[in-house]
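Enquirer: Below is the structure, and that's it, no one-letter string:
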C-alpha cells in the first residue's frame, strides 16, 4: 500500500510539473528496485498506481472540456468512441507501469541476489 501511494503521488506531481509521460514507468521501476518484495507485488504497485492516475486524469479532462479532442483522436485512430480511447490508454498505462515495476524487482534480484538460507 505504501508503494502504491508513493508511486501515485510521485507520478502525479512529476506529470503535473513536467511535460513527460514516461514517469509512469520510471517511478515504479525505481520504487521496486529499492523496495520491491515480490514479482506480483511489484507488478501491482506499478499497474495500479499508473492505472488509477491515468484513468482519473483522463476522465477528469474528458468531463471538463476535452470531449471534442478525445472524440476526434478516437475517430482518427479508429478505436470507436472517446470512451474506448480512454480505456485503451488506461490499458497501455497499466501494462507499461506494471512491467516497469516487475522489471525493477527483477533488476534488484539480478544486481543484489537474495542470500540463500544456510542449512
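Expert: Looks like it came in fine. Source: prediction; values computed, not measured.

Enquirer: just the helices in this protein please.
Expert: 2-17, 23-35, 39-64, 67-77, 82-111 (DSSP state H).

Enquirer: Name the residues that touch the shortest one?
Expert: By CB atoms under 8 Å, 6 or more residues apart in numbering, the residues outside helix 67-77 that reach it are 61, 62, 80, 81, 82, 84, 85, 86. C-beta here means a position set from N, CA and C on the backbone, and glycine is covered the same way.

Enquirer: same question, the second one
Expert: Contact with helix 23-35 is made by 2-3, 6-7, 10-11, 14-15, 42, 45-46, 49-50, 53-54, 93, 96-98, 100-105, 107-108, as judged by CB under 8 Å, 6+ apart.

Enquirer: Could you list the low-pLDDT ranges of this structure?
Expert: 117-119 (pLDDT under 70).

Enquirer: Closest to the centroid, which residue in it?
Expert: The chain has residue 50 as the residue nearest its centroid, 2.7 Å off, counting by CA atoms, centre = their mean.

Enquirer: List the contacts of the residue nearest to that one when sequence neighbours are not counted.
Expert: Leaving aside its chain neighbours, residue 50 sits nearest to residue 97 (3.3 Å; criterion: CB to CB, 6 or more residues apart in numbering). Neighbouring residues of residue 97 by CB under 8 Å, 6+ apart: 7, 24, 25, 28, 46, 47, 49, 50, 51.

Enquirer: again, only using 10 Å
Expert: Contacts for residue 97 (CB atoms under 10 Å, 6 or more residues apart in numbering) come out as 7, 11, 22-29, 43, 45-51, 53-54.

Enquirer: Report the separation between it and residue 44.
Expert: 10 Å (CB to CB, to the nearest Å).

Enquirer: Now do the buried residues in stretch 57-76.
Expert: Buried residues in stretch 57-76, defined by neighbour count with 16 or more other CB atoms under 10 Å: 57, 58, 62, 66, 70, 74.
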